[in-house]
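S.K.: Sequence first, then the predicted structure, then my questions.
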Amino acid sequence: MSIAIGILLNGLASAMILYIIAVGLSVTMGIMRFINLAHCVFAMAGGYLAAYLIQGAGIPFAFAIVLAAILVALLSIPIERLLYAPLYAASELEQALFSIGVMFVAVAIARYFFGPAPLSFTVPEALRGQIDLGSVMPAYRILLIVVGFVVFAALWTLVETTSIGRKLRATVENRRVAEVVGIRCDRLMLLTFALGTGLAALGGALGAEIMPIRPNYAFDQLNYVLIVVAVGGMGTLTGPFLAALLLGIADTACKYFLPEVGAFFIFGAMVAILLWRPQGLLGRA
Amino acid sequence: MLGTIRRWSIVSLAMALCGLSTARAEDVVKVGMIMSQSGPFGIYGTYTQRGIDMFIDKFGDKVGNTKIEVVWRDEAGGPEHSKTAAQELIVSEGVQFLAGFNLTPDAFAVAPLINQSKTPTLLLTAASGNITRMSPYFARLSFTVWQSTYTAAMWAPKHGLKTAVFAYSDFAPGVDGLNAFKAALPKAGGDLIGAVPMPLSTTDFGAYVQKIRDMKPEFVFLYVPNGPPQVSFIKAFASYGLPAAGIKLIAAADEMDLPAIGDAGLGVLSVWHYSPDLPNEENKQFVAAYHKKYGENEMPNFQVVASYDAMQAIASVIQKLGPKFTGDQAIDALKGWKINSVRGPIEIDPVERDIIQNQYVRVIEKSPSGGVRSHTLETIPMVADPWKALNPPK
Amino acid sequence: MLADRTYSRGDAPPPQAIADIVNRSRLRVADFVPWVVALASFFLFPRSLSLGTEVLVAVLFVLSIDLVVGYAGIVTLGHGAFFGLGAYCAGVLAVNGFGDPILGLMLAAVLAGVAGLVSGAIILRAQGLTLMMFTLGTLLMLEEAANRAGRLTGGSDGLSDMVVKPLLGIWDWDFFGRTGYCYCLVVLLFGFIVVRTIVMSPFGRSLRGIRENAARMEAIGAPVRRRLIVVYAISAALAGTAGAVNAEVHQFVALNVLSFEFSASGLIMLILAGPGRLYGAFIGPPIYIIASHQLAVLDPTYWVFWLGVVLIAVVMFGRGGILGIADNLIAWSRAGRKKRAP
């Protein structure tokens, strides 16, 4: 029984980090239809920024992480206006290659400022212990699970109940009609982009303890984040949540019982699910 | 047609080689360095350069009237690139040595080339035991997988660690390590209760650590590449409470990763061929000079030392043979070469051309300056690559 | 040849259309330039033939990618899978005594082509991100499979015991890579003829139609999916050929050919020169490979920065890549000449 609980909790913990990073990508891809492979660059930026705030400026852990997320979100606004916006009409190939170019530039900049070694990132003493919930788990991972659910709940409330949320859903559904009805779509897209990158930064900073931050981070995590978005279905908030949960728990179970299957599981599962439902679990057909 | 082409090849090759051994106006011996400079392994290039710089600081870049010039090529892009780079270095730059090689396949790829051009090639990082058998022109200054893993498996059961789980990255070196471990552990009275293969791309080791905890071994041997996998695993190991549950960890935790590992690494053992706290005079001076040059917080590591030693090896060949020599003469000079290196006494095996060096059992402890550092517990002297002894050439 | 279904039945095709089609496929002087350059390089740069071979193999690989990405509009992140299949096929054959290079080449092409046919039939129903993920997923699974099957493929150490017999029994593989270079050049020529024939044919034009607007092509009755699968399979065979040639010339195969970075670099080389143009594949690889070699010597740690900047610049300002810019320049100078003419 404790094995089952352990697998469940482990799966949830890694799922939540991936979810927080991936949800921003899912929404921006859905609303902007932009293949932004460089999404994890913002997660990496969040990790580096948070580390700097904690170690360099002495800001307490939780504040530093939130502040890093907000800063990245703000910084992404001029980036969106200058670099991304002109390419909304470009072809998929051009968008993909543009974002690969952004990744290369980010790798070099990170290397230049922070050096090639993985970042040393320590969580505060209070969070370093273990909690026994039927299986002994690191306290920090339990925190991640909680934060993940909170983020999901907050986003869900935002999208389902507020007027901005309604406008967002409308724009994802059918952009032209939304514009006709008077929704300021480009402002909305900018807002969504900032929210998405801010969430990525949050995920990157929170996950730094488990997924080390280094210049190559964007490439390290790209596959997993893309899998979550593709399997979940672009343009939804719940899609990546469901995908992350399912894949996270199943992958953990596979690692525990059949480690020889290894990397095949996650890609095989993705291919199988996409063959069954090409639009993703909750995507629009 | 065949005859003409073959003859043409031999003539051109001979001309090229003649070009190599002609001394230039100022005697220069060029060393072609093929080592990772960009990409995820770029850090090895940095440390290799530091080793070269440390050598130049101490000994200067000349041996008598001969200058040693290192010409770099990035090892990125796969073995084809390494082969192209090696050919370019040999033919266009006229290098008399090749050095470097972070990854085993890159070394394999240049083997046929150096056989034809007879270029002595010094391995500075790659660790697969069989590389030196691929060409009589390879000599190794790094280490081999079996040297450290086999030694660790022989050491542990004699110190109360009998039951083991071997956790490793699922690629050739990891499997090699598993074989070494399996060969040695029963001989020392230990028992391998499980092996956990982990994909090379894994960043989150939580599930694996949990599984290992449930297997309840007395110790875990970790074989993953240095860098994020080491850091991640060791942190997960600590955060899941395995040290508190009495499970020990032996990992090749190297100085380059200690800052990121931090307190999570306290108590982690390693069996490794270098430690900055070694008491020999050469090392003490080296570490002091390193701090002075790169800062108090920077620690020398095995890569810096390998590069430093390689420069000494090259210098000794030039000392013995002068600036003009053939590849065969150079490799003969390297066979049996021994010095008191920074890492203790080392020797290049005269038959296998592989490195014979001490293995040090170390533990990670708290450092007075606040971080963590390695502390040497025990020395196992002059270990030759066990794989060679167990696998004699056919 | 003129079974184009855009005309109404019974009508004779307009003479202008016939002239157009014949005109297009006629060989011009400019068509010989790349081959002359390649041959000249053989004599002018005898010490850099290894680099030259790398470029030739890349050109063939990028040609195959251009066929699916540039002409048919299928954005694949994993075309290296077919390159790798071909490479390992030739490699494994050479290790086990079947070292004749031409045999290895042909078997590799067939294997890769069949793989393309099968995978195309499965995945080409998808589009956009889903299709990209299919191609990426199959690539990475293939990479892991090659990693695990160490006995067959050498795993992450690579396949190094290849014994490749002399080309046609006559030419040995020499140190300077002369045999290798000529072999690659001839294979590239054949591959190019295949691609050019496809592109110039009505089938090729229908591919462009599908890329522009698949729904419209469906509406006029073109069997869209079938055509995509066919071109995907042909392109896979070409990529497999490139892989096999690469393996035979180097007598080594490593896992890096199945990495995401390798496939991505193929896409990068394509977009630098301009996709959907027959000669894009000839311009992209030399520029990318030579420039990255030079940059890597100048600034090995940070050259990727400049690569990224160039990529961003090309996408944002140089639509259609270098050939696109060249087009614009030619049009601009023509317009200028027209103005100046009385």
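M.R.: Done, it's in. Numbering: from 1, shown residues only, chains lettered A, B, ... in the order given.
S.K.: Tell me the pLDDT of residue 246.
M.R.: Using chain A. Per-residue pLDDT puts A:Leu246 at 93.
S.K.: Actually, chain C is the one I wanted.
M.R.: The model's pLDDT for C:Asn246 equals 94.
S.K.: Then C:Arg9?
M.R.: 64.
S.K.: Residue 210: how many residues sit nearby?
M.R.: Just so you know, I chose chain A. By other Cβ atoms under 10 Å in any protein chain shown, 22 other residues sit near A:Ile210. For glycine as for every other residue, the C-beta is placed from the backbone atoms N, C-alpha and C.
S.K.: actually it's chain C I care about, not the one you picked
M.R.: The local packing of C:Ile210 (other Cβ under 10 Å) involves 23 other residues.
S.K.: how about A:Ala96, what does it touch?
M.R.: A:Ile35, A:Leu37, C:Val75, C:Leu77, C:Met132, C:Leu267 (Cβ atoms under 8 Å, 6 or more residues apart in numbering or on different chains).
S.K.: What helix or strand is the residue nearest to C:Arg178 when sequence neighbours are not counted located in?
M.R.: Take C:Arg178 and drop its neighbours on the chain: the residue closest to it by Cβ to Cβ, 6 or more residues apart in numbering or on different chains is C:Leu49, 6.1 Å away. Using DSSP states H and E, C:Leu49 sits in helix C:49-65.
S.K.: Now do that helix: which elements does it pack against?
M.R.: Contacts defined by 3 or more Cβ pairs under 8 Å, 6 or more residues apart in numbering or on different chains; DSSP states H and E place helix C:49-65 against helix B:79-88, helix C:33-44, helix C:178-200, helix C:224-250, helix C:260-273, helix C:280-298.
S.K.: Mean neighbour count and distance to B:Asn391 for those - can I get that in CSV?
M.R.: Formatted as CSV, the helices and strands packed on helix C:49-65 follow (neighbours: other Cβ atoms under 10 Å in any protein chain shown; distance: least, Cβ to Cβ, whole Å):
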stretch, mean neighbour count, distance to B:Asn391
helix B:79-88, 25, 23
helix C:33-44, 13, 43
helix C:178-200, 19, 33
helix C:224-250, 26, 27
helix C:260-273, 24, 33
helix C:280-298, 20, 37
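S.K.: quick one: secondary structure of the residue nearest the centre of chain A?
M.R.: Residue closest to the mean C-alpha point of chain A, counted by Cα atoms, centre = their mean, is A:Ile21 at 1.0 Å. Judged by DSSP: H, G, I helix; E, B strand; the rest coil, the three-state class of A:Ile21 is helix.
S.K.: residue contacts, it?
M.R.: Contacts of A:Ile21 (Cβ under 8 Å, 6+ apart): A:His39, A:Cys40, A:Ala43, A:Leu199, A:Ala200, A:Gly203, A:Gly204, A:Gly207, A:Gln221, A:Val225.
S.K.: Inside helices: which ones of those residues?
M.R.: A:His39, A:Cys40, A:Ala43, A:Leu199, A:Ala200, A:Gly203, A:Gly204, A:Gly207, A:Gln221, A:Val225 (DSSP state H).
S.K.: Surely the residue nearest to C:Arg178 and C:Tyr183 touch.
M.R.: No: using Cβ atoms under 8 Å, C:Leu49 is not in contact with C:Tyr183; the gap is 11.2 Å.
S.K.: hmm, back to that, for the residue nearest to the centre of chain A, which non-adjacent residue is spatially closest?
M.R.: A:Gly203 (3.5 Å).
S.K.: Give the closest residue to residue 39 in space, chain neighbours not counted.
M.R.: Just so you know, I chose chain A. A:Leu25 (4.3 Å).
S.K.: I was after chain C.
M.R.: Nearest one to C:Leu39, counting by Cβ to Cβ, 6+ apart, is C:Leu185 at 7.5 Å.
S.K.: which ones are touching that neighbour?
M.R.: Applying Cβ under 8 Å, 6+ apart, the residues near C:Leu185 are C:Ala38, C:Leu39, C:Phe42, C:Leu56.
S.K.: Return the member of those nearest to A:Glu173.
M.R.: Among these, C:Leu56 lies closest to A:Glu173 (Cβ to Cβ), at 49.6 Å.
S.K.: wait, doesn't that closest one sit right on C:Cys184?
M.R.: Yes: using Cβ under 8 Å, C:Leu56 is in contact with C:Cys184, at 4.0 Å.
S.K.: tell me the phi and psi of B:Ile364?
M.R.: phi -90, psi 130 (degrees, to the nearest 10).
S.K.: Number of residues surrounding it?
M.R.: 24.
S.K.: just B:Thr326 next, same as before
M.R.: When counting by other Cβ under 10 Å, one arrives at 15 neighbours for B:Thr326.
S.K.: Likewise for B:Ile356?
M.R.: Around B:Ile356 sit 19 other residues, with neighbours defined as other Cβ under 10 Å.
S.K.: Can you list the strands that the helix or strand it falls within pairs with?
M.R.: Assessed by DSSP H and E, B:Ile356 sits inside strand B:355-366. Using DSSP bridges, strand B:355-366 pairs in its sheet with strand B:269-272 (antiparallel), strand B:344-348 (antiparallel), strand B:372-383 (antiparallel).
S.K.: Quickly compare the ones you listed and say which is most buried.
M.R.: With neighbours taken as mean count of other Cβ atoms under 10 Å in any protein chain shown, the strands paired with strand B:355-366 reach their highest mean count in strand B:269-272, at a mean of 24.
S.K.: tell me the average confidence for it?
M.R.: For strand B:269-272, the mean per-residue pLDDT is 95.
S.K.: circling back: and the helix holding C:Leu49 with helix C:178-200, angle?
M.R.: Inter-element angle recorded for helix C:49-65 and helix C:178-200: 20 degrees (by axes from the mean of the first three to the mean of the last three Cα atoms, to 10 degrees).
S.K.: helices or strands next to the next helix-or-strand element following helix C:49-65 in the packing?
M.R.: Sequence-wise, the next helix or strand downstream of helix C:49-65 (DSSP H and E) is helix C:80-95. Secondary-structure packing of helix C:80-95 (3+ Cβ pairs under 8 Å, 6+ apart): helix C:101-123, helix C:128-148, helix C:150-153, helix C:224-250, helix C:260-273.
S.K.: Render the CA-only coordinates of helix C:80-95 in CSV, please.
M.R.: Taking C-alpha atoms only, helix C:80-95 is exported to CSV below (Å, rounded to 0.1, in the frame of the first residue of the first chain):
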residue,chain,number,x,y,z
GLY,C,80,17.1,12.1,-38.9
ALA,C,81,15.3,8.9,-38.0
PHE,C,82,15.6,7.8,-41.6
PHE,C,83,19.1,9.0,-41.9
GLY,C,84,20.0,6.9,-38.9
LEU,C,85,18.1,3.9,-40.1
GLY,C,86,20.1,4.0,-43.3
ALA,C,87,23.3,4.6,-41.5
TYR,C,88,22.9,1.7,-39.1
CYS,C,89,21.7,-0.6,-41.9
ALA,C,90,24.8,0.0,-43.9
GLY,C,91,26.9,-0.2,-40.7
VAL,C,92,25.5,-3.5,-39.4
LEU,C,93,25.9,-5.0,-42.9
ALA,C,94,29.5,-3.9,-43.0
VAL,C,95,30.2,-5.3,-39.5
